[in-house]
Every structure is written in structure tokens, then in C-alpha cells.
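Novice: Fold the following and give me the result.
(chains A, B, C and D)
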Amino acid sequence: MSNDHDNDHDHDHGGPPNPYHAASRSDDENRALEERVGRIESLLLEKGLVRQDALDRIADIYENDLGPMNGAKVVARAWVDAAFKQRLLEDASAAIGELGYGGLQGEHMVVVENTPEVHNVVVCTLCSCYPWPVLGLPPAWYKSPAYRSRVVIDPRSVLEEFGTAVDDDVEVRVWDSSAEIRYLVLPERPTGTETLTEDQLAELVERDAMIGVTRVAAP
Amino acid sequence: MSNDHDNDHDHDHGGPPNPYHAASRSDDENRALEERVGRIESLLLEKGLVRQDALDRIADIYENDLGPMNGAKVVARAWVDAAFKQRLLEDASAAIGELGYGGLQGEHMVVVENTPEVHNVVVCTLCSCYPWPVLGLPPAWYKSPAYRSRVVIDPRSVLEEFGTAVDDDVEVRVWDSSAEIRYLVLPERPTGTETLTEDQLAELVERDAMIGVTRVAAP
Amino acid sequence: MNGIHDLGGMTCFGPIVREDDEPVFHSDWERRVFAMNMLSMGQFGSLDQARHAIERMDPAAYLSTSYYEHWLAGIEILGRDSGLLMDAEIASGRSEHTSTPSRPPLDPEFVDAMVRSGSPSTRPVSRRPTFDVGDSVRARNLDVRGHTRLPRYVRGKRGVVSAVHGTHVFPDTSAHGLGENPQPLYNVRFEADELWGDNLARRDCVHIDLWEDYLEASPVEGRSHEQ
Amino acid sequence: MNGIHDLGGMTCFGPIVREDDEPVFHSDWERRVFAMNMLSMGQFGSLDQARHAIERMDPAAYLSTSYYEHWLAGIEILGRDSGLLMDAEIASGRSEHTSTPSRPPLDPEFVDAMVRSGSPSTRPVSRRPTFDVGDSVRARNLDVRGHTRLPRYVRGKRGVVSAVHGTHVFPDTSAHGLGENPQPLYNVRFEADELWGDNLARRDCVHIDLWEDYLEASPVEGRSHEQ
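Specialist: Just a heads-up that it's a prediction; the model follows:
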């Protein structure tokens, strides 16, 4: 943390700075962190606790293979296949498995459906639980104190910040991922998409809509 | 805050560092703070919001005139004068006023008495409220997150840290100063002090005993 | 506002660090911050406003800075809120606009008088207290977005009135320029197992001062509040 | 432990800062911390232990550092707790004592298998759930000094069981090497006004997963727990 940051206390105007984002670290800070990380990495390798090729492999999987494109396919399938949607809402892990997704941090999936009456949004107030097989690793904002603290007590103001207005007569359901159950929001299918193919529908579905902070926009 | 501190995350062993103590600030940090303080001070003086002689006067009062020696005299008087003690427990502001103490941050005093059955301890969980006329300004530990957070939920472990053992059958009463009422603990008079004068008794009474984290030790 | 200052009941701050022979001020800048805060408060706002200014510090900064740094931050925030100081002025230390103080600066004689007489929070309002010593009450579970002196750890909990303190200025409105709204202030006793855990068995309690608007009657049998 | 990580319900962190086109990792060190944490966890302890390590960070550091800095701190703390790493080694980056890993390091094929199959927290234990969907329950107000997944904001609050998830490892014991203690896990729905304020009138709710030991029956009339 820089001195500039430490000495700047007037955070009540326009909100606090965001040290929680590594992106906001200075070059010096990133260098110091690289060194600290290098030390612990050398140690783990030297002690035979981890292997370099395995470290590279797991980083590669989460950087390149898994991500919200998986969840988008699940959503698109549910939109076009009523029987799949039924299975998805009844046993999400099994239904998602039909598309080949599952495993670590998605062992126990639950899918919650947005409707005109109910808007769902997912959080992990205690840490950062997130459905990795279908969404990949979470964005920094999902892990930030600002989101984790406020979405449970004041979900409507959070949704507003994401540009999502929710009518007073719609119930907002916040899902706090306190155990090993992982939640995926099934967004409402936008109007005007009747002629789209499943693949075209999947392209409309963005990560934030499956967390529940946005809706899927019409094309 | 130094980089050394920031990079040192293993605070679970032996407790966190204590940034809350200005005493732990580096020379550089203190210099930066002096400059920041100088800027705001110049501004307040230039704008005619405060006068230098008044600033000096108020600092002088709290640095030199007020302190726990005042509270100690109140306690000693209560030990030797049963009628005073009665008045002190019934209307502390008035009784303390008899000794010439009162005013800012002591407008509404309450004195709580330690007995063989009850041990009292005072805190302000929300900020740092403290009975200035009788105790002066609070020590840093009284204002620290460690004390403010824990003494309400686990007073016995806090008292233990101060070397104060409390039997299981003694009730610990924690007084959280959430309003403008200010609390002073009347400690138990130690045994073996029967022959001491009021002035001699006052010398035995230390600040921490009037906050309630310690007892008054026999001479 | 459920802020970082509302620390009661957290158990993550480690041991209490004490200092032998602690001076009143650790350095000259602490002394100057203390003095400035005491004398500028009347210009910038009330004690309740000053407390709320500190509560609005960035939470990480709140936890990683010392007490008089909180006060310093509070002076800057409150000075800005009051319109008497501007960001650029705070950064430079030089006055760049003329602002009219609401009153002349205090002189040393007034300081002496202020310290001697204090500033009582009681008000000569005859509002009959709803509760009496011995009454069972529940601290309401209130959603307050601004300043409040109802800490999270007592909200929704049942206790017993142990003292009636008279009629005091209400901080929830006073801190926001919404009037003093004086009302009865009570001391309420909460048992440790009610506050901290139904798995506890300790003869401990917390006494805390709560305004009438924070409280509701609670039948002894312990029925929860129902709308 | 009532720790800084238990953030639900605080309202002091300002707006949510988002990043356009956010990369999976912002820098190489984030990538390396992610990989190390994933592969060292099996050597150092369970997922519950890893979570608890991060919870024990200094609170100011927790709030002022980024997510993968938490993970880095967690690796260091857990490595030390496990006895496999020493302070001096963490400081120098050089091994200064030989320690025997509990198992050989994972190879890339095992990594693939681990990611594919995951690590379910369900256990084939036939413990009949005490509660059923639709039952009124109260989250107990428990004083837990170690790891728990019962956040402060639901303690003592009444809700309704909305799902029964089967029998899952209990984190409160698992995080401390006290056994898996598998037990029924429920999803419980809490209304916004019950959680956050009796002055609220919003059609909102929070659904949260709670283990059987966190719950007690709550008559619909809402009698508070009595010992």
C-alpha cells in the first residue's frame, strides 16, 4: 500500500479506493509480491510438496479451459429444452453433467430461476465460493468487501449499481454460499430471441447475469 | 504504515502488530503526519476558525491538569466517608462535583461499585467515550479495536490479560458507554489499608482500577 | 450505518497491547490534533457529527491508523462537509476561498469555561419515559443508514431496564442536522448468553445506554417482535 | 471466531468497483499463488483449514490487500501450522529443515482428475434430518471461537427450511482436525425484515445453507430460545 493511499482518508466522497483489486497495486508493490511469491514457490518445490508441471497445468485449466461460456451453454440449453430445464432445476449437478461440466467447486450445484416475480442473486459473504466449472474463477468485485457485505442487506442498491432495476413487487432472493453448495442463476430469456439457435442464445448470456447482478439483454 | 508491516501477514502467532499505537509509527510516518497536521492547522488559523492561544490552552489542560489523580481522590474519599460514598453511588456527578471535578465528558457521571460478588469494567465499543474530568484522556489500549471488540463478549479473557483473575461465581458487568453517560469504577478497598489516610489511599488507586481492568493492590 | 467502528463482539484483534508509562500525547502532532478537534468541532458541527465523520473513514484505514489519525481524518471530513474547507485547501494548507465561520474563534477563557461546564446532553423536555426500572425490553433490530449508537450486537436482543437517565439528545438525528429529538435514555442490562451464545453459561452481562426509539416492550416469556 | 471475514450486513465499503475486460489473473504472481494454493492444500490441510487460515489474517491487512494476497497469506499460515514450513524458511525461500510430505506431489494427470471429479463434501452417513422443508427454524446464537460458517447476521434469527441438501462434512470441526462430523445441511430462507430491521418493508430474503448443529426448532409464534 502506498503512502499516498494511507494518507488519503477522505474516502466518504465517491467511495473508498480499492486496494482489494490487485490491478491497483503499484509496480513496486507488484515486484515485492512477485518476490514473496517466488520465495514460497521455491520452498514448496524444493521440499517436494508441489511439482512445477502440475502448477502450470492447474493454472492453465482455470485460465483457458473453464469460464462463463460453460454456464452460458447450460442456460441456453435450458431455454430451448423444457425437459432439460426441468432436470436442471431438480438436480443441477446431474443436468450440468449432461453437458460435460462438473467437478471442483461445482460438486453440488443448485440452479435458481429468475421469473417475472423473482430475481435471484448469488454471493459468498464469508469468502468467495463460486461455481467454477460453469463460471470459471470469480471476478474481483465478487470477492470484494463492498459486494460481499452489502448485497445481503441491500440487494436492490447493489443491483442498481449494476444497472439492474427491480420493481418493488418483484422479490429479490439473495443466495449466500455458506456451504459447498454452488449456485447458478438461470436468467430470464429475453424477448425477441425466438428465432435464435441454442448457440446464438449462449452468446447472449454473460457472466454477471448468471451471478444474478444483471439480466440478459436482448440482442 | 511501512512495507515491512504490510508484507507481514502471519499475525495469528502472537497477535497482530499494533498500528493503532501512534508510538509504533516510523520517523518517516510521523514526519508525514506532522506535515499533514501542519497544513490543516495553518488553514484553521488562517480562516479564523481557531486561535493559537486557545489551542495551546486546551492541550495544556488535558496534558497537565486532568488525569487519574482526580478519580483516585474520589475513590479514596468514598472509602473513608460512607455518606460521600452513598451520594456518589446515587448521584455521581454531584458527589464528584463536591471535590471540584466535572465538566466536559463528565457531565453525566455514574459510579459502579466493585464488591466481592460483582466486578465492573468500562468500555466504549463504538468510539472512545471516557470520563475525562476524573481520568483524563484514555490510554491507547482503551481505544484499540482489540479492547473495544473483545471486552463485551469475553471480559474474563481481557481481565486475565491485565492480570485480574475473577472467580466463576463473581458476576462481571461490562459497561458500554454508548451515550453521554460516563462510567467510573469504584474499586474494592484493599485489605491492610485501615491505618492509611485519605491521601495515602488515593496514591494506591491507579487508572486501570477505575476503568475496571485491574484491582487496587494492597500497599 | 453498519460500520467498521461497531466493533463490539469481534474476536479477531488479538491481545491488547499496553504501553508502560504512556504519555498523554505520543508526539507533538497528536497534541495539535487533539486541540484542533476540540476547538473546530463547534465550527464544523456537533459531537455526533464528528463521531459520524470518523465512522465514514475507509474501513481499512480505520483499522490501520492510530486514534489521533482518526481525529485528523474526522476534522478533514467534517471541515469539508461543513463547506468551510475545500479539498484543495486541505491538500495545500492554504486558504483559497473565504468562508464565514458561524462564530468567532474561541479564546482561552472560553476554553476554560467550556472544560469546566461541559456540554450536557440532557434537555428540559418532559417526555414521560415509556419504560421503568425492571421492565423487560428488546433492543429493536433497526436498519439505520446514518449514524446510530445502537450497536449491532444488541439489536434484537432482550434485556432489562436498570436505570432511567432522563431526556437526552438523540444522536441518530443530531448527527445529520435533523434536530435534537430529545428522548428518554435508559441503561439496559443484557445477559451474556442472550447476547453472545445460547451455548454460554457465564455469570456476565453487558450494561448499555439506549434511547427510547431503540427499544420496544418485550413480554417476559420472550415472544419475538412481530409486526 | 467473529472475524473480519464475516462481512455480511456491513454498509461501510462504498460502491462496488468493477473492471472492464478483467483478466483471470492480473499478474503472473496471482497465477502462481492460485496454482500453489490449489496444490499445496492437500499437503497442508483441508479446504476448511485453508479458509480458517485466511480468517486469521490481521484484520487491517485483510481489508487492505487483494484476494490472491489473502491466498498467499493463507499458504504461509497453513504451511506453518502444518509444521511443513518454518518462519525462517518463508522469509528466506530456502529449505532449512527436512519435512516429510504426507503424500507425493500431485502430477499433471492427477490435477486433471481432481478438477474433473472434484471433492464432494457429502458423506454416505444415514443421519435422519431433524427438519423438513417448510419447518420454522431459528439459527442458533452460538459462541464459536474457531472456524464456523454460521455468519453473525443470521444468528438468533428465524427462518424457514427451503431445502434439505443431504449429509455434509461439518466445517466447525473439520477446520480444526476434529473430524468430519457429517450432518444434515439445509437451505434456510430468512426474510429481510427479520435479518436487517423491523423498520423494513421489502419483499426480499436471504437463502443460506446451514448445518443441523446451527439450527433449532422455532415455533411459528416465534418464541425465543430459552435455556
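
Novice: where does residue A:41 land in three-state SS?
Specialist: Local secondary structure at residue A:41 is given as helix here, using DSSP: H, G, I helix; E, B strand; the rest coil.

Novice: whoops, I mixed them up, residue A:119
Specialist: Residue A:119, by the three-state scheme (three-state DSSP), is strand.

Novice: Now do it against residue A:184, distance only.
Specialist: From residue A:119 across to residue A:184, the span is 14 Å (Cβ to Cβ, to the nearest Å). C-beta coordinates here come from the backbone N, C-alpha and C atoms, glycine included.

Novice: ditto for residue C:146
Specialist: 37 Å.

Novice: ok, these two, which is more surrounded?
Specialist: residue A:184 (27 against 14; other Cβ atoms under 10 Å in any protein chain shown).

Novice: So which bits of the longest helix anywhere in chain C are buried?
Specialist: The single longest helix within chain C, with elements called by DSSP state H, is helix C:28-44. For helix C:28-44, a neighbour-count test (16 or more other Cβ atoms under 10 Å in any protein chain shown) marks C:29-44 as buried.

Novice: do the same with stretch A:89-102
Specialist: Across stretch A:89-102, burial judged by 16+ other Cβ under 10 Å covers A:92, A:93, A:95, A:96, A:99, A:101, A:102.

Novice: list the contacts for the residue most central in space within chain A?
Specialist: Nearest to the mean C-alpha position of chain A, counting by Cα atoms, centre = their mean, stands residue A:138 at 4.2 Å. Counting by Cβ atoms under 8 Å, 6 or more residues apart in numbering or on different chains, residue A:138 touches A:128, A:130.

Novice: With residue C:68 instead?
Specialist: Applying Cβ under 8 Å, 6+ apart, the residues near residue C:68 are B:22, C:25, C:29, C:30, C:33, C:34.

Novice: Look up how far residue D:104 lies from it.
Specialist: 55 Å.

Novice: next one: residue A:120
Specialist: 43 Å.

Novice: Hmm, residue C:101 is touching residue B:49, no?
Specialist: Yes - counting by Cβ atoms under 8 Å, residue B:49 is a contact partner of residue C:101 at 5.3 Å.

Novice: These two: who's more crowded?
Specialist: Ranked by neighbour count (other Cβ under 10 Å), residue C:101 and residue B:49 place residue B:49 first, with 25 against 17.

Novice: Tell me the secondary structure of the more buried one, please.
Specialist: Residue B:49 is classified as coil under three-state DSSP.

Novice: give the contact list for the nearest residue to residue C:122 once chain neighbours are set aside.
Specialist: Among residues not flanking residue C:122 along the chain, residue C:166 sits closest, at 5.2 Å (Cβ to Cβ, 6 or more residues apart in numbering or on different chains). Residue C:166 is in contact with C:122, C:184, C:185, counting by Cβ under 8 Å, 6+ apart.

Novice: Residue C:166 sits in which helix or strand?
Specialist: Using DSSP states H and E, residue C:166 sits in strand C:158-168.

Novice: quick one: average pLDDT of the following helix or strand past that strand?
Specialist: With elements assigned by DSSP H and E, the helix or strand that comes after strand C:158-168 is helix C:171-174. Helix C:171-174 comes out with an average pLDDT of 97.

Novice: just checking, what packs against the helix or strand just after helix C:171-174?
Specialist: As assigned by DSSP H and E, the chain's next helix or strand after helix C:171-174 is strand C:183-191. For strand C:183-191, the elements it packs on are strand C:136-139, strand C:158-168, strand C:204-211, judged by 3 or more Cβ pairs under 8 Å, 6 or more residues apart in numbering or on different chains; DSSP states H and E.

Novice: again, 6 Å this time
Specialist: Strand C:183-191 sits against strand C:158-168, strand C:204-211, with contacts defined as 3 or more Cβ pairs under 6 Å, 6 or more residues apart in numbering or on different chains; DSSP states H and E.

Novice: Pull up the gap between the residue nearest to residue C:104 when sequence neighbours are not counted and residue C:103, please.
Specialist: Spatial nearest neighbour of residue C:104, excluding adjacent residues (Cβ to Cβ, 6+ apart): residue B:48 at 7.6 Å. Here the criterion is Cβ to Cβ. By it, residue B:48 lies 10 Å from residue C:103.

Novice: for chain C, which spans come out with low pLDDT?
Specialist: C:220-227 (pLDDT under 70).

Novice: Those residues of it touching chain D, which are they?
Specialist: Contact residues (Cβ under 6 Å from any Cβ of the partner chain) of chain C with chain D: C:1-4, C:9-12, C:59-60, C:63-64, C:140-143, C:196-200, C:222, C:224-225.

Novice: Write the PyMOL selection for whichever of those are buried.
Specialist: Those of the residues of chain C next to chain D that count as buried under 16+ other Cβ under 10 Å are selected in PyMOL with:
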select buried, chain C and resi 1+2+3+4+9+10+11+12+59+60+63+64+140+141+142+143+196+197+198+200+224
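
Novice: Do a quick rundown of the strands in chain A.
Specialist: Secondary structure of chain A by DSSP state E: the strands cover A:108-113, A:118-123, A:171-176, A:181-186.

Novice: for the third one, what is the average pLDDT?
Specialist: If I follow you right, that is strand A:171-176. 98.

Novice: Describe which strands that strand pairs with in its sheet and in which direction.
Specialist: strand A:118-123 (parallel), strand D:204-211 (parallel) (DSSP bridges).

Novice: now for those, which one comes closest to residue C:83?
Specialist: strand D:204-211 (36.7 Å; Cβ to Cβ).

Novice: Okay, angle between that closest one and strand A:108-113 too, please.
Specialist: If you take axes from the mean of the first three to the mean of the last three Cα atoms, to 10 degrees, strand D:204-211 sits at 170 degrees to strand A:108-113.

Novice: List every C-alpha atom in strand D:204-211, with coordinates, as CSV.
Specialist: Taking C-alpha atoms only, strand D:204-211 is exported to CSV below (Å, rounded to 0.1, in the frame of the first residue of the first chain):
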residue,chain,number,x,y,z
ASP,D,204,-36.5,-9.5,-0.2
CYS,D,205,-35.0,-12.5,1.5
VAL,D,206,-31.7,-14.3,2.0
HIS,D,207,-31.3,-18.0,1.4
ILE,D,208,-28.3,-19.5,3.2
ASP,D,209,-27.0,-23.1,3.8
LEU,D,210,-26.8,-24.1,7.5
TRP,D,211,-25.8,-27.3,9.1
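
Novice: after that strand comes which helix or strand?
Specialist: Assigned by DSSP H and E, the successor of strand D:204-211 is strand D:215-217.

Novice: Now that following strand: buried residues?
Specialist: For strand D:215-217, by 16+ other Cβ under 10 Å, it's residue D:215.

Novice: ok, residues contacting that strand?
Specialist: D:137, D:138, D:140 (Cβ atoms under 6 Å, 6 or more residues apart in numbering or on different chains).

Novice: Out of those, which comes closest to chain C?
Specialist: Lowest distance from chain C to the contacts of strand D:215-217 (Cβ to the nearest Cβ) belongs to residue D:140, with 5.8 Å.

Novice: Angles on the backbone of the closest one, please.
Specialist: Backbone dihedrals for residue D:140, given as degrees, to the nearest 10, come out at phi -70, psi 150.

Novice: Relative to residue A:100, how far out is it?
Specialist: 41 Å.

Novice: cool, and residue A:201?
Specialist: From residue A:201 to residue A:100 the distance is 18 Å (Cβ to Cβ).

Novice: ok, for residue A:85, nearest residue in space, not its chain neighbours?
Specialist: In space, residue A:85 is closest to residue A:78, 4.0 Å off (Cβ to Cβ, 6+ apart).
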